[in-house]
Structures are given as C-alpha cells and as structure tokens.
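Chemist: got a structure for you, letters missing:
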C-alpha cells in the first residue's frame, strides 16, 4: 500500500468494503487519496485529520467522512483507537451511478435535534457493523450490508450536496495532476527533488506549481516532501535495525537539527526514544 500517493485498499473477505478496528500508538500519515468513501469513528484518544484545506481534531465519539479522491493526511501522537470504514465508489455506483456528483460533509456542532439524531444513528451503525463483522454469526454478511446501506442512505439524504458538472470536471483534472505529483515523489523522495524538475514533470511552470500545490493540499511542496520522507524514516525506524544515522541519509535528511525538530513535533519524542519504547512492547498503527 503506497503511503504517499494513490492508496490501494483491499476489501475484507466476504464483503466489498474495508472494515477494521484500528489501534494506533502514534503515526503521521502524509497526504494521500483513494477512490473510496472513508469514515473514521474515534473510540478513544485523539486524531488530527487534514482533509483538503481543513483541519479537524477528532475526540472520543467523533467521526469524519472523507470524500473519494479527497487529499487527506492524519496525525496521531498520544495514541488512539478507532473504527475505520471504507466503501469503494465502484460498489456504490452499482446502485447509484451518480454518486460521483455528491460531496459529503457533517456538522457535529449542529443544534438541530434531527441532525444530531442522525449523527447518533451513524455512530450506532458503525459500532453495530463492527460487532456483526467480528462475530460472524450465520448470515452476518446480509446484516453487514444492511447496516452499510442504511448508513449510506442517511449520508446521501442528510449530509451531502451535489457538485455541478463544471466543478466535477475541474476536480477530476486537479486529482489527476495531484496523482502525478505524488507518484513522482514516491519514486524520487530518496533523491534531491528540485522544484523546477517536478513542475516540469507535470507540465507546469515553477510559480504556478507552487501555488497549485498549496491550494490543493494546504501545505507547501517542501512540507509535503519532508512529511513523506519522515513517514518512511518512521516506518524503517520501527521495522528495521538500521542505525539512525543511516536512516537519515537513506531518506535524504542532512540537516540534523531541522530533522530533530520536525520529528519531535510529529511524534513527541526523539527517534531513539521511540524505538526504545516500541521495542519494549507491542504496537499497531492505523491507516486513515
């Protein structure tokens, strides 16, 4: 699963969705996207979700809907537990081809009692869905699908708006360009990545490229590149026995002071402290 470009999600066995209970001891996942509707329901802890140009901090009992192909990232420092539901657009289009025209959004602070009741119903459905899938009683597949369809029905009727054709075409064009940029970074992040080179690779001049990237992601290209390198460093720190110095060079970090400031800001400790803490126990990392 490529972490810094188009993310490929594997459905669960028996059902055409991805459903899991995620336990994350701490992770930073850089900007990525996928052609799935994603719902993250936080059971415990906190999670920062950067979705397009907005930043949402999820607390216990909060959830967020991430739209298909929306560029998003997450940051978890203190650890969390969450229910993750991902539904492929290709599955929904079998029953509702025009779903690509819909944009989903919720307002947890809405004062309307009817809206709050529907939000509460979604929370219940997510928990019931996980329970049904994990227990696998006879006929559980039908129960799971019934819960997914009810959840989608609520989202479409109460938490969606339609995009017009012009905006849809523009959005698809921007998504294609962002995919090219992220694929380039995925292939070259261990090298010296020059702004003019990547701008030329996607057919833009350097000035427009910088403005376009900031508009699409809310961060600069250099910030994104460093986040990708940081995630790769973090993954290798936890799953290999390479020394920290070699990992820094491998992931193209040569300014040690800058790196340490970035790492502490992202994970709340030094690489040495994190490796020691993880090696003394077991951990899991989520992917949103």
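Modeler: Arrived safely, thanks for sending. Keep in mind that what you see is a predicted model, and the values were worked out from it rather than measured. Residues are numbered from 1 along each chain as shown.
Chemist: how far is the helix or strand bottoming out on mean pLDDT in the chain from where the chain is centred?
Modeler: The helix or strand of the chain with the poorest confidence is strand 27-32; it has a mean of 81 (mean pLDDT, DSSP states H and E). Strand 27-32 has its C-alpha centroid displaced from the chain centroid by 7 Å (C-alpha atoms, centre = their mean, to the nearest Å).
Chemist: Tell me the strands beside it, with direction?
Modeler: strand 72-76 (antiparallel) (DSSP bridges).
Chemist: Describe which strands whichever helix or strand comes after the partner strand pairs with in its sheet and in which direction.
Modeler: Next along the chain after strand 72-76, taking DSSP states H and E as the criterion, comes strand 80-88. When pairing is defined by DSSP bridges, strand 80-88 lines up against strand 18-24 (antiparallel), strand 36-45 (antiparallel).
Chemist: Tell me which of those lies nearest to residue 136.
Modeler: strand 18-24 (12.1 Å; C-beta to C-beta). Heads up, the C-betas are built off the backbone N, CA and C, glycines and all.
Chemist: what about the closest one, average pLDDT?
Modeler: The predicted model assigns strand 18-24 a mean pLDDT of 93.
Chemist: just to revisit the earlier point, quick one, which of the strands paired with strand 80-88 gets closest to residue 111.
Modeler: Once the strands paired with strand 80-88 are compared by C-beta to C-beta, strand 36-45 is nearest, at 21.8 Å.
Chemist: Could you identify the helix or strand that succeeds that closest one?
Modeler: Of the helices and strands lying after strand 36-45 in sequence (DSSP H and E), the nearest is strand 47-51.
Chemist: what angle do that next one and strand 72-76 make?
Modeler: Strand 47-51 and strand 72-76 are oriented at 160 degrees to each other (axes from the mean of the first three to the mean of the last three C-alpha atoms, to 10 degrees).
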